[in-house]
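> Any chance you could fold what I've pasted below:
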Amino acid sequence: MIELRGPEFLQLEEALASAFPDRNSLERMVRYKLDENLEQIAGAEFFSDVLFGLIQWAESQGRVLDLVMAAREANPGNVLLQQFEDVLDGKLTTSSESAAVLATPPGTVNSPDRGGHIWPSHVYNWAAQMRTISQAVCRVEQKQTGGSGTGFLVAPRLVLTADFVISVSKLEDGVQPDPTTCRFRFPSTSEESMRSTLGAPPDDNTYFPADHWLVDLDRQTNLALLLLEGRPGADKPPGMKKQRGWLRAGDAKELRLGDPLFILGYAFGRALQLSYATFQELDEKRIRYDRGGLKAPGSAGAPVFNSKWEVVAIHQSILPTRDEQGQIMTAEGEVWHPSMGRDAILQKFGEGARFDTIFARPQVRLALALSDERPSRHRTQRAAA
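Numbering: from 1, shown residues only. Modelled structure (predicted):
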């Protein structure tokens, strides 16, 4: 659990007062981002007492990190919040447990000396790393069709996604598809409303394709590698002091049956969502995992992480359950027919292309070499200044 010293408590109080200068703006942030009622948490006559009560509540409930993350998302340009985030990052980094728990997802702690319980510091360190990782995941938009999916940076200018996220119909004529755009930290409606209410600057995280932007297309694994203008991986997202960075490969061969997997995707074209699944099996090119909480539409192209936040696959589809004759089944145990609608299909497994095999493709290796990057086993790589 994060415990604030006196000066840190005061610093956070001053940062919140700067970012949310009145009760109404603070109340909206708490309701939209924390799903809590400020009056119930810290009802007081004077605004300074409200701020004090809110922080005291967050500390007692083990939600200091939640409060800071919520405030930063609602007002990313506030300097005092940025400074306090650095203080908080320092507390997490220097924690005696940090090295062990950064790779430990919630729900996996089960040591005898701790009685099988999740210690709060595990959750906070894990959540802090997820926040860093998520900066490199984008919403890929196809303007002509209006479709969208998920992609992620594998180098400062390179985004990997699923081929069916983009329009590839023109390739047969030797013409590049219609351009896509990539939006990092694509906001939810409530976030956009909050920024407008606070008068905060727009969340400008949109990048456009470079000339000859389709670097590679693999129809066997259904992958597309895109080249963007600028260097989004080396840029600092609005309101952030650190560079966005890009994601690195893990080894799918190290996965064991039942290992936890985490998928960050823009399901249904909404704000970034985290889904949980467990590993089932793999072959030379793909891995399969139970569906878990995975939401398919919009998640195609999403990175699939192991418990150390290394990318082991790129999510592509949800596989239906089939009987011995290969017929698709419904949740009621009946043979599915198109007239029943796709929602009636019993969806069992998720499937993704193995990330380590992607880097074996000559086009991908050449593109990485030209960007002066190499695939590695490290977790999130920060770009050189």
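
> give me the element the nearest residue to Arg72 once chain neighbours are set aside is part of.
Ranked by Cβ to Cβ, 6 or more residues apart in numbering and with sequence neighbours excluded, the top spatial neighbour of Arg72 is Leu81, at 5.4 Å. Glycine gets a C-beta too; all of them are placed from N, C-alpha and C. Secondary structure from DSSP states H and E places Leu81 in helix 79-94.

> looking only at pLDDT, what's the mean for that helix?
Averaged across helix 79-94, pLDDT comes to 72.

> wait, doesn't Asn37 sit right on Leu26?
No. Between Asn37 and Leu26 there is no contact under Cβ atoms under 8 Å: 12.0 Å.

> which one of those two has more residues nearby?
Neighbours were counted for Asn37 and for Leu26 using other Cβ atoms under 10 Å; Leu26 has more, 22 against 12.

> Next up, the contacts around that one.
Neighbouring residues of Leu26 by Cβ atoms under 8 Å, 6 or more residues apart in numbering: Leu16, Phe20, Leu38, Val50, Leu51, Leu54.

> and what of Met340?
Going by Cβ under 8 Å, 6+ apart, Met340 touches Thr330.

> before we move on, back to that, the residue nearest to Arg72: neighbour count?
Other residues near Leu81 come to 21 when the count uses other Cβ under 10 Å.

> Tell me the buried residues in the helix or strand Ala210 falls within?
Assessed by DSSP H and E, Ala210 sits inside strand 209-218. For strand 209-218, burial by neighbour count (16 or more other Cβ atoms under 10 Å) applies to Pro209, Trp213, Leu214, Val215, Asp216, Leu217, Asp218.

> Let me know whether the third one touches Ala224 as I believe.
Pointing back at Leu214 there. Yes. Taking Cβ under 8 Å as the definition, Leu214 is a contact partner of Ala224 at 6.7 Å.

> So for these two, which residues contact both of them?
In terms of Cβ under 8 Å, 6+ apart, Leu214 and Ala224 are both contacted by the residues Ile166.

> Return the residue of this protein that is most distant from the centre.
Glu45 (38.8 Å; Cα atoms, centre = their mean).

> Mind checking what secondary structure that residue has?
Of the three states, Glu45 takes coil under DSSP: H, G, I helix; E, B strand; the rest coil.

> Settle this for me: the residue nearest to Arg72 is touching Val68, isn't it.
Yes. Counting by Cβ under 8 Å, Val68 is a contact partner of Leu81 at 7.3 Å.

> gap between Ser339 and Thr330?
When distance is defined by Cβ to Cβ, to the nearest Å, Ser339 is 12 Å away from Thr330.

> Neighbour count for those two, which is higher?
For Ser339 versus Thr330, the count of surrounding residues by other Cβ under 10 Å is larger for Thr330: 16 against 6.

> Look up how far Ala277 lies from the more buried one.
The spacing between Thr330 and Ala277, counted by Cβ to Cβ, is 22 Å.

> you'd agree Gly28 is in a helix?
Gly isn't right for residue 28; it's Arg. Yes. Assessed by three-state DSSP, Arg28 belongs to a helix.

> mind starting the numbering at 889 from now?
Okay, using 889 as the starting number, the last item reads as Arg916.

> Which other helices and strands does whichever strand or helix holds Val1192 contact?
For Val1192, the enclosing helix or strand under DSSP H and E is strand 1191-1193. Packing partners of strand 1191-1193 (3 or more Cβ pairs under 8 Å, 6 or more residues apart in numbering; DSSP states H and E): strand 1148-1153, strand 1199-1208.

> which residues touch that strand?
Strand 1191-1193 is contacted by residues 1021, 1025, 1038, 1040, 1135, 1138, 1149-1152, 1165, 1175, 1177, 1199-1203, 1240, 1243 when judged by Cβ under 8 Å, 6+ apart.

> Can you give me the end-to-end span of stretch 1215-1222?
Using Cα to Cα, to the nearest Å, the end-to-end distance of stretch 1215-1222 comes to 10 Å.

> what comes up buried for it?
Neighbour-count burial for stretch 1215-1222 flags Ile1216, Met1217, Thr1218 (criterion: 16+ other Cβ under 10 Å).

> Ok, stretch 929-945 next?
By neighbour count on 16+ other Cβ under 10 Å, the buried set for stretch 929-945 is Ile929, Ala930, Val938, Leu939, Phe940, Leu942, Ile943, Trp945.

> Go through those residues and name the one nearest Arg1071.
Leu942 (31.5 Å; Cβ to Cβ).

> Model confidence for that closest one, exactly?
pLDDT at Leu942 comes out at 94.

> hang on, isn't it packed against Val918?
Yes. Using Cβ under 8 Å, Leu942 is in contact with Val918, at 7.2 Å.

> what sits in contact with each of those two?
Contact criterion Cβ under 8 Å, 6+ apart; residues shared by Leu942 and Val918: Leu926, Ile929.

> about what we covered before: which residues touch the residue nearest to Arg960?
Ala903, Leu904, Ser906, Ala907, Val956, Ala959, Arg960, Asn963.

> Between these, which sits nearest Thr1068?
Distance to Thr1068 across the contacts of Leu969 (Cβ to Cβ) is lowest for Arg960, with 28.3 Å.

> circling back: which is the next helix or strand following the strand holding Ala1098?
strand 1111-1116.

> so what secondary structure elements neighbour that next one?
Helices and strands touching strand 1111-1116, by 3+ Cβ pairs under 8 Å, 6+ apart, are strand 1046-1050, strand 1068-1072, strand 1097-1106, helix 1250-1258.
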